[in-house]
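Student: Provided below are the primary sequence and the corresponding predicted coordinates.
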Amino acid sequence: MLYDQHVDRVYRLAYRLAGEDELARDFTQETFIRAFQRLKDFRSDSSFGTWIHTIATSVSLNGLRKVKKFRTRESSLDDALTIGAVTRRAEPDLKERLRQAIDNLPEGYRTVFVMHDVEGYTHEEIAAALGVQPGTSKAQLFRARAKLREALADFAGEWVS
Amino acid sequence: MSDEDRMDALLRQLAADEYNRPPEIVPREQMWEAVLSGIGGSAAKLGRWESGIARTGSGEQGAVLPFHKRVPRWVYYAVAAALLLALGIQVGRLLGPSPAQQLAPRTTQPDSLGPTRVAPESVSIGNPRRDMAATDGRSDNGGKGSPPPKGSGPERQITPDAGDDIRARAYTVATAQHLTEAEAMLTSFKGDLSQGRMDAEISAWGKDLLSNTRLLLDSPAARDPVRRRLLQDLELVLVQIVQLSPNSSARDRDLIKGALTDDQVLTRLRTAIPVKGT
């Protein structure tokens, strides 16, 4: 069954991009709903896996943009309500710094980094899913890694040693 | 490995372990229910969709094709053409004339030797009796015929009147062909006779015509008195021609010439032969 063959990988990618189970479920469900409704549009010159991951990345990235816009508006309201209440946060540890650094990457860099370095997609798969050339995927991964190294440069000494 | 490479590898490992790590168990069932309700159908409907695509074995997990793309386009055209043809044949059978009507003459002249619209070539005269039997599907039973076989299709259900019509038509055609050939032979013979020579081939030709003439005389074709008289006179002339040899006397030749002239066999033959294309 097509759903059983692809649902795990789609869900994992959606979760990596969204960071929340609820959003990941929504994105996964939306991906399969769109796929089954558009089966007649599926072109036979690519595999079904590639096709459904194209839908999955599109659904996830569009969904995240909407969520980000919504949350930005909400957080702005919260900030206005709590203005003046300065709290000193503890220095985030490496894991948290890494999470922030990845989250702060430009969308294209982050997507390619997550797909390639985190989930193990090939550049060809990424290129097909995002509708770009494999060379573009490689270039974005190179820049994403450079930005992460730069963001985490103060940890470099203890890592390399 | 450079420091950058080492750092990249560590980042990669750390990100894979810690960054938005999904749960080990994927909530398949819950999402499946949501997908089903989202597409507004049942699992059976989704199953039909999925059954419409087939794996071709190419690609990472095998490329899948919708059913309508798996079948080449020309197959659709061929099937459509075949269906159209079958439909046309069926409609033609339902609306077109029956075989009896097709064979029936447009103007009813069952035993007349007058002009007919049927081409004489449509029935061979090599063996009139056999041809006639084959045409109406009956043996020589005096022309009364037998009812059509039980269980035969509508195209075989020919009424007795129609059967008589067909038989009469077949005899007419066969007789017309025979008379045409006889006229050609007698014309050739007359030419040889006037030049005082005798061609052996004419004699052989006459033998064939004589046997066919006798067969026709024994058949329903000879029921018509005018035709019967013509066939009898033709038989007489042909017998004389067949018996004629290069050594025959001038008297024998004169007898044949007289028979042709006095009985006006050639003239009557030409009158009886239907005009082609009319």
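Tutor: Thanks, I have the structure now. Residues are numbered from 1 along each chain as shown, chains lettered A, B, ... in the order given.

Student: Tell me which helix or strand the residue nearest to A:Thr57 when sequence neighbours are not counted sits in.
Tutor: Leaving aside its chain neighbours, A:Thr57 sits nearest to A:Ala129 (4.7 Å; criterion: C-beta to C-beta, 6 or more residues apart in numbering or on different chains). Quick note: C-beta positions are derived from backbone N, CA and C, even for glycine. Using DSSP states H and E, A:Ala129 maps to helix A:123-130.

Student: Using PDB, write out the CA atom coordinates for that helix.
Tutor: Extracted C-alpha coordinates of helix A:123-130, given in PDB (Å, rounded to 0.1, in the frame of the first residue of the first chain):
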ATOM      1  CA  HIS A 123      21.100  15.700  -3.500                       C
ATOM      2  CA  GLU A 124      19.200  14.300  -6.400                       C
ATOM      3  CA  GLU A 125      16.200  13.600  -4.200                       C
ATOM      4  CA  ILE A 126      16.400  17.000  -2.700                       C
ATOM      5  CA  ALA A 127      16.700  18.600  -6.000                       C
ATOM      6  CA  ALA A 128      13.600  16.700  -7.300                       C
ATOM      7  CA  ALA A 129      11.600  17.600  -4.200                       C
ATOM      8  CA  LEU A 130      12.500  21.200  -4.200                       C
END
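
Student: I'd like to know which elements it is packed against.
Tutor: With contacts taken as 3 or more C-beta pairs under 8 Å, 6 or more residues apart in numbering or on different chains; DSSP states H and E, helix A:123-130 sits against helix A:48-81, helix A:107-113, helix A:134-151.

Student: What's the mean pLDDT across the shortest one?
Tutor: Averaging pLDDT along helix A:107-113 yields 95.

Student: Then the last one?
Tutor: Computed over helix A:134-151, the mean pLDDT rounds to 94.

Student: buried stuff in that helix?
Tutor: Under the neighbour-count criterion of 16 or more other C-beta atoms under 10 Å in any protein chain shown, helix A:134-151 has A:136-137, A:139-141, A:143-145, A:147-149, A:151 buried.

Student: rewinding a little: buried ones in the helix holding A:Ala129?
Tutor: Residues of helix A:123-130 classed as buried: A:123, A:125-130 (neighbour count, 16+ other C-beta under 10 Å).

Student: now those in a markdown table, with pLDDT?
Tutor: Output for those, formatted as a markdown table (pLDDT from 0 to 100):
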| residue | pLDDT |
| --- | --- |
| A:His123 | 96 |
| A:Glu125 | 92 |
| A:Ile126 | 95 |
| A:Ala127 | 94 |
| A:Ala128 | 91 |
| A:Ala129 | 92 |
| A:Leu130 | 93 |
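
Student: quick one: which of the residues you listed is nearest A:Gln5?
Tutor: Closest approach between those and A:Gln5, by C-beta to C-beta: A:Glu125, at 15.4 Å.

Student: just checking, the closest one touches A:Thr50?
Tutor: Yes: at 6.5 Å, A:Glu125 counts as touching A:Thr50 under the criterion of C-beta atoms under 8 Å.

Student: now the helices and strands packed on helix A:123-130 in a markdown table, with distance to A:Leu39?
Tutor: Listed next are the helices and strands packed on helix A:123-130 as a markdown table, based on distance: least, C-beta to C-beta, whole Å:
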| stretch | distance to A:Leu39 |
| --- | --- |
| helix A:48-81 | 9 |
| helix A:107-113 | 25 |
| helix A:134-151 | 27 |
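
Student: tell me, how many neighbours does B:Trp74 end up with?
Tutor: By the criterion of other C-beta atoms under 10 Å in any protein chain shown, B:Trp74 has 8 neighbours.

Student: Run through the residues that contact it.
Tutor: Not one residue lies near B:Trp74 by C-beta atoms under 8 Å, 6 or more residues apart in numbering or on different chains.

Student: Report the contact partners of B:Val26.
Tutor: Contacts of B:Val26 by C-beta under 8 Å, 6+ apart are A:7-8, A:11-12.

Student: Among those residues, which ones are in helices?
Tutor: In this view, the contacts of B:Val26 that belong to helices under DSSP state H are A:7-8, A:11-12.

Student: quick revisit: nearest to chain B among the buried residues of helix A:123-130?
Tutor: Closest approach between these and chain B, by C-beta to the nearest C-beta: A:Glu125, at 7.8 Å.

Student: Next up, phi/psi of whichever residue of chain A sits closest to chain B, please.
Tutor: Proximity of chain A to chain B (C-beta to the nearest C-beta) peaks at A:Ser47, 3.2 Å away. Main-chain dihedrals, A:Ser47, degrees, to the nearest 10: phi -80, psi 160.

Student: That one - how many residues pack around it?
Tutor: Per other C-beta under 10 Å, the neighbour tally for A:Ser47 reads 20.
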